[in-house]
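Participant: Sequence and predicted model, in that order:
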Amino acid sequence: MTASHGAMRRRAGAARTDATEVAPAAGFGAAAAPSVSPASDMPFVLVGAGETLVAGGALSSVAEGPEPLGARVRQLLAEGEGPDLVVGALPFGAPAPAHLYRPAKLSRHPGRGGFAAAVPSPRRAESVRPVRWQVTPEPTLAAYQAAVAAALTRMSQGGEGLRKIVLSRSLKIIADRLIDATALLRALAQDESVTAFCVPLPSTGAPRALVGATPELLVSRRGARVTSHPLAGSSRRAREAGADHAAAQALIGSEKDRREHREVVAAILDQLAPHCTDLAVPGEPELTSTASMWHLGTPITGRLRDASLSALDLALLLHPTPAVCGTPRGAAARAIAELEGYERGFYAGAVGWCEASGDGDWHVAIRCAELSGREARLYAGAGIVAGSDPAAEGEETSAKFAALLTALGIDENGIPVAEDRA
Ligand SMILES: C=C(O[C@H]1C=CC=C(C(=O)O)[C@@H]1O)C(=O)O
């Protein structure tokens, strides 16, 4: 690689200067795995139903520039050496730049079974696990509920035609020891209904990584076949079977949740229709579940008219869907910026990969945390439509935090939870 490769630039902060110098990430195939894997040592990992993808090191990042992101990625993949794909994350929205790079090493393993081989257990993890945790809601639950009420007022006033606004809140977590990114990823990957992910993030300070377990597929492309599996409409699962069944039935029968869900399906169909033939979508949403949540989901399939549209092009077309933003998109994004009062960064963006062939997978970056040393920032959001109740939406975000908190071994107050609950 030379300076003449206009589309390439070294990954920010990467001390490595050439592909041959990129060592296997510590804790991932290295002979002596450390007891704790800080965010800095993590490769890009996706553990999904179809396969486990592990991409270590970074050869070159997609350059910033005036050309569309898809074109810059194509240029990067046409030049130089290395695996024929980019991996990384798309932010929720501007002004944050996308974080896409060509890894130095790639291994793919069928199903989730490859996870153990690709990502060995850190040794002595138990002995170094944090014991004290401080959890601070930012904003407070009360402030979040007030923001939901304000969103409802905006929608009822009919301004900008707003029909849906997805509002999130965050938890700031500080542990007394380094938070082990490998252990967190491993715990999250145990839920077979989600795609667990770890994306090392660029940083000018302490190393950072986005770690999560998303149930939502933004878009996947294999040849001409396109699939998407939007989710919207949620309910906390119950431990007792009868109550769990009742929660699911209440969700599928909820007019408010079906309306919230329809906004997402309609937006995705609108975006895909000009680019696809054979678009197929069930008339009714389906119940889908993770270990902790029920959701309404709709599988959508189609065939690409134009084979030059890559999985990344499709992700950029669809993102942000009303599952994380709202409708109309522009007005909802403005309302979110005003009512949430913080930058989402990569939360509610997308994580995934795209090959030079155009095939790839992009997952909605929800149920995730940004890790950095002893700190984590968790995010959870809920779709607000007419008829939403601020207290219920606050409880829904608590339910959505449960996946990450349980994997960390704590509750929303930072109290360690018993092993059988963790
Ligand atoms: C925005 C989130 O969830 C989205 C995905 C599924 C269901 C959702 C809901 O019911 O509100 C959200 O649209 C999140 O988990 O932070």
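Facilitator: Cool, the structure landed.
Participant: And for residue 183, the neighbour number?
Facilitator: 21 (other CB atoms under 10 Å). Every C-beta, even on glycine, is put in place using the N, C-alpha and C of the backbone.
Participant: Looks to me like it is in a helix.
Facilitator: Yes. With DSSP: H, G, I helix; E, B strand; the rest coil as the criterion, residue 183 is part of a helix.
Participant: Quick check, pLDDT for it.
Facilitator: Looking at residue 183, its pLDDT stands at 90.
Participant: Now do the same for stretch 294-308: mean pLDDT, whole number.
Facilitator: 97.
Participant: What's the end-to-end length of it?
Facilitator: Its first and final residues considered, stretch 294-308 spans 36 Å by CA to CA, to the nearest Å.
Participant: what about it and the ligand, any contact?
Facilitator: Yes. On the criterion CB under 6 Å from any ligand atom, stretch 294-308 is in touch with the ligand at residue 295.
Participant: I'd like the numbering to begin with 22 instead of 1 from here.
Facilitator: Sure, I'll start counting at 22 from here, so that last one is stretch 315-329.
Participant: tell me the contacts of the residue in the stretch 22-171 of the chain positioned nearest to the ligand?
Facilitator: As assessed by CB to the nearest ligand atom, the ligand sits closest to residue 113 within the stretch 22-171 of the chain, at 10.1 Å. Taking CB atoms under 8 Å, 6 or more residues apart in numbering, we find residue 113 in contact with 341, 345, 346, 365, 366, 367, 368, 369, 370.
Participant: Can you tell me which residues in the stretch 122-271 of the chain are near the ligand?
Facilitator: Residues of the stretch 122-271 of the chain lying near the ligand (CB under 6 Å from any ligand atom): 187, 189, 237, 252, 253, 254, 255.
Participant: which stretches of this structure form helices?
Facilitator: All helices of the chain, identified by DSSP state H, fall at 90-99, 135-139, 146-149, 162-178, 202-210, 262-273, 276-293, 332-339, 350-361, 411-429.
Participant: what's around the residue nearest to residue 374 when sequence neighbours are not counted, how many residues?
Facilitator: Closest residue to residue 374 apart from its sequence neighbours, by CB to CB, 6 or more residues apart in numbering: residue 108 at 4.5 Å. Residues lying near residue 108 (other CB under 10 Å) number 26.
Participant: what pairs with residue 108 across the strands?
Facilitator: Applying DSSP bridges to residue 108 gives these bridge partners: residue 122, residue 374.
Participant: didn't it look like it was pressed against residue 373?
Facilitator: Yes. With contacts counted by CB atoms under 8 Å, residue 108 reaches residue 373, the gap being 7.4 Å.
Participant: For residue 346, which non-adjacent residue is closest in space?
Facilitator: residue 353 is the one closest to residue 346 (CB to CB, 6+ apart), at 5.0 Å.
Participant: got a list of what the one you found touches?
Facilitator: With CB under 8 Å, 6+ apart, residue 353 has these contacts: 183, 185, 186, 187, 343, 346, 347.
Participant: what's the answer for residue 253, then?
Facilitator: Counted by CB under 8 Å, 6+ apart, residue 253 has contacts 278, 281, 282, 284, 285, 316, 317, 343, 344, 404.
Participant: and which of those is nearest to residue 221?
Facilitator: residue 344 (25.1 Å; CB to CB).
Participant: Tell me how far that closest one lies from residue 299.
Facilitator: 23 Å (CB to CB, to the nearest Å).
Participant: between these two, who's got more neighbours?
Facilitator: A direct count of neighbours by other CB under 10 Å for residue 344 and residue 299 places residue 344 higher, at 29 against 11.
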